[in-house]
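Visitor: The following block contains a protein sequence and its predicted model.
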Amino acid sequence: MCSDSYLAGFGRSLFNRVPVRCVWLCMVCLVCSSSVAAQTEGARRQAVENNLPDFPTPKAAIDDPPEQLKVPGTISGSVVGPDGVAVVGADVKLTLRGQTASEDFVTSVDGQFTFANVAPGSFQLKITAAGFSEHTSTGVLHSGETLALPQISMALATFVTQVRVELTPVEIAQEQIHDEIQQRVLGVIPNFYVTYAPNAVPLTTKQKFYLDWKLSIDPSAFVAAGVVAGIQQARNEFSAYGQGAEGYGKRYGAAFGDLTISNLLGNAVFPAIFKQDPRYFYKGKGTVKSRVFYALANAVICKGDNGQWQPNYSGVLGSLAAGGISTLYYPESDRSATLTFENTAIGIGSAAVFNLMKEFVLTKMTTNVPQRPNPTDPNSP
């Protein structure tokens with residue numbers, strides 16, 4: 001009884017000291033915390049039962065759907081130069097991560113490019129254009145995204161200046177003439193009118209006269225005229241000229257005139273008029289039969305300045321004209337149209353014989369032949 005009164009008194013004393021509203025507040029807190037704990041525990045138990053994680057789903061999982069749900073997208077953009085002007089015809093190469101194959105697109109007149117139906121993922125763009133440095137861009141295309149890239153500015157390429165000098169056809173022909181006037185049989189007799197170039201460039205009119213001039217003033221021309229005059233005097237041909245130094249002089253003048261006029265008309269004047277090449281184009285390969293036929297045929301045919309074979313009007317008319325002019329200085333007893341035609345026929349026959357020598361003999365005896373051909377080598381020019 002005493003203890004109960006003591007406890008009761010202590011309780012009344014404690015109750016009197018603590019305000020009533022504090023007591024009520026403590027009781028509310030206890031009730032709320034109990035309710036929250038119960039709810040939390042219930043939720044946790046429900047999560048365990050449903051086999052769900054008790055942490056939020058990562059954002060990456062939301063942005064990157066499963067592979068079977070990914071949708072192709074589109075990548076577009078534009079290419080400009082440093083001045084902001086559209087780069088037309090730039091090659092844009094699209095490569096997807098993990099793939100070796102690529103797609104190509106050529107920019108339009110406004111510098112635009114578009115890649116449609118592109119699989120989502122990382123990609124690389126490599127852009128090349130003449131006059132510009134190569135540009136590379138990378139990015140990521142999300143599922144179903146229409147990606148418009150920022151304007152791509154290409155930098156000007158750093159050029160290494162290279163000077164390439166190409167000769168004109170006239171300059172090439174001049175180089176060929178330079179080589180031809182160095183060609184001499186046994187290092188003495190001119191072999192100017194044979195070209196060993198497989199694709200010799202046609203001569204201009206000026207070059208045709210220049211080559212004839214070089215032959216006419218060559219010392220060998222004066223020696224040849226002297227030999228012919230000596231043979232004629234020994235055989236007393238053109239007897240009206242007489243003998244002795246005077247007769248030899250007349251014969252020498254006539255022989256030199258024949259050579260000079262014939263070469264001038266047949267190698268320069270008529271080739272310029274008919275646009276034909278007076279040179280012999282060395283064959284140097286093929287069977288012996290084909291080469292013989294080629295050499296003989298070149299007495300009556302020649303190559304035109306257009307590269308086509310045609311009748312050798314220049315050579316035939318040159319011989320006829322030279323024969324007609326020779327009547328002006330040969331004795332009257334030796335002047336006749338028959339002789340002119342005979343000399344023309346002899347000239348054609350002599351050309352055929354000389355062509356055979358040019359094809360088979362003189363080449364081996366000629367010095368300074370550029371890239372000397374080997375007739376036994378089918379690959380030789």
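Guide: On my side now, so go ahead. Residues are numbered from 1 along each chain as shown.
Visitor: Angles on the backbone of V85, please.
Guide: Geometry field for V85 lists phi and psi as phi -80, psi 140, criterion degrees, to the nearest 10.
Visitor: whoops, I mixed them up, G111
Guide: Dihedral angles phi and psi of G111 (degrees, to the nearest 10) take the values phi 80, psi 10.
Visitor: give the contact list for it.
Guide: Contact criterion Cβ atoms under 8 Å, 6 or more residues apart in numbering gives S78, V79, V80, A86, V87, V88, A90 as the residues in contact with G111. No exception for glycine: its C-beta is placed from N, CA and C like everyone else's.
Visitor: Now the element after the strand or helix carrying the second one, going C-ward?
Guide: To tie it back to what came earlier, the one meant is V79. In this structure, V79 sits in strand 73-80 according to DSSP states H and E. Where DSSP H and E defines the elements, the next helix or strand beyond strand 73-80 is strand 91-96.
Visitor: what about this structure, any weak spots by pLDDT?
Guide: Segments of the chain classed as low confidence (criterion: pLDDT under 70) are 1-68, 159-164, 371-381.
Visitor: Please render the contacts of G111 as a markdown table that adds neighbour count and distance to T344 to the earlier fields.
Guide: Supplementary listing: these in a markdown table, determined by neighbours: other Cβ atoms under 10 Å; distance: Cβ to Cβ, whole Å:
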| residue | neighbour count | distance to T344 |
| --- | --- | --- |
| S78 | 20 | 77 |
| V79 | 27 | 73 |
| V80 | 17 | 75 |
| A86 | 16 | 72 |
| V87 | 21 | 69 |
| V88 | 14 | 66 |
| A90 | 24 | 69 |
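Visitor: residues touching A299, list them.
Guide: Residues touching A299, when contacts are defined by Cβ under 8 Å, 6+ apart, comprise N312, G315, I348, G349, A351, A352, N355.
Visitor: try L265
Guide: L265 sits next to L317, G318, A321, A322 when contact means Cβ under 8 Å, 6+ apart.
Visitor: can you map out the helices along this protein?
Guide: In the chain, the helices defined using DSSP state H lie at 2-17, 20-50, 59-63, 169-180, 205-216, 219-234, 244-264, 270-274, 288-297, 313-326, 337-360, 362-365.
Visitor: on that earlier part again, of the contacts of L265 - the most surrounded one?
Guide: G318 (25 neighbours; other Cβ atoms under 10 Å).
Visitor: What's the separation between the closest residue to P169 other than its chain neighbours and T195?
Guide: Residue nearest to P169 in three dimensions, not counting chain neighbours: V201, with 5.0 Å by Cβ to Cβ, 6 or more residues apart in numbering. From V201 over to T195 the distance is 10 Å, taken as Cβ to Cβ, to the nearest Å.
Visitor: who touches both of these two?
Guide: With Cβ under 8 Å, 6+ apart as the test, V201 and T195 both reach Q176.
Visitor: coming back round to it: shouldn't the residue nearest to P169 be in contact with E171?
Guide: No. At 9.1 Å, V201 does not count as touching E171 under the criterion of Cβ atoms under 8 Å.
Visitor: who are the neighbours in contact with the closest residue in space to A240 that isn't next to it in sequence?
Guide: Leaving aside its chain neighbours, A240 sits nearest to P331 (3.4 Å; criterion: Cβ to Cβ, 6+ apart). With Cβ under 8 Å, 6+ apart as the criterion, the residues that contact P331 are F238, S239, A240, Y241.
Visitor: Break this protein into its domains for me.
Guide: 2-41, 70-153, 169-367 (automatic domain parsing).
Visitor: now, of those, which is deepest in the fold?
Guide: Most buried of these by mean neighbour count (mean count of other Cβ atoms under 10 Å) is domain 169-367; its value is a mean of 17.
Visitor: Over to it now: how far is its first residue from its last?
Guide: Distances were taken as Cα to Cα, to the nearest Å; on that basis the terminal residues of domain 169-367 are 26 Å apart.
Visitor: And for stretch 105-118?
Guide: End-to-end distance for stretch 105-118: 13 Å, by Cα to Cα.
Visitor: Quick check: bridge partners of the residue nearest to D104 when sequence neighbours are not counted?
Guide: Beyond its immediate neighbours in the sequence, the residue positioned closest to D104 (Cβ to Cβ, 6+ apart) is K93, lying 5.4 Å away. The partner list for K93 in beta bridges (DSSP bridges) reads D104, K126.
Visitor: can you pull the contacts of K93?
Guide: Taking Cβ under 8 Å, 6+ apart, we find K93 in contact with S102, E103, D104, L125, K126, I127, T128.
Visitor: Hmm, the second one is touching N117, no?
Guide: No. Because the distance of 9.7 Å does not satisfy Cβ under 8 Å, E103 is recorded as not touching N117.
Visitor: Quick check: V140 touching S122?
Guide: Yes. Counting by Cβ under 8 Å, V140 sits close enough to S122 to count as a contact (5.3 Å).
Visitor: What distance do you get for the residue nearest to L167 when sequence neighbours are not counted to T168?
Guide: Setting aside the residues directly before and after it, L167 is nearest to E175 in space (Cβ to Cβ, 6+ apart), at 7.2 Å. From E175 over to T168 the distance is 11 Å, taken as Cβ to Cβ.
Visitor: Perfect, that will be all.
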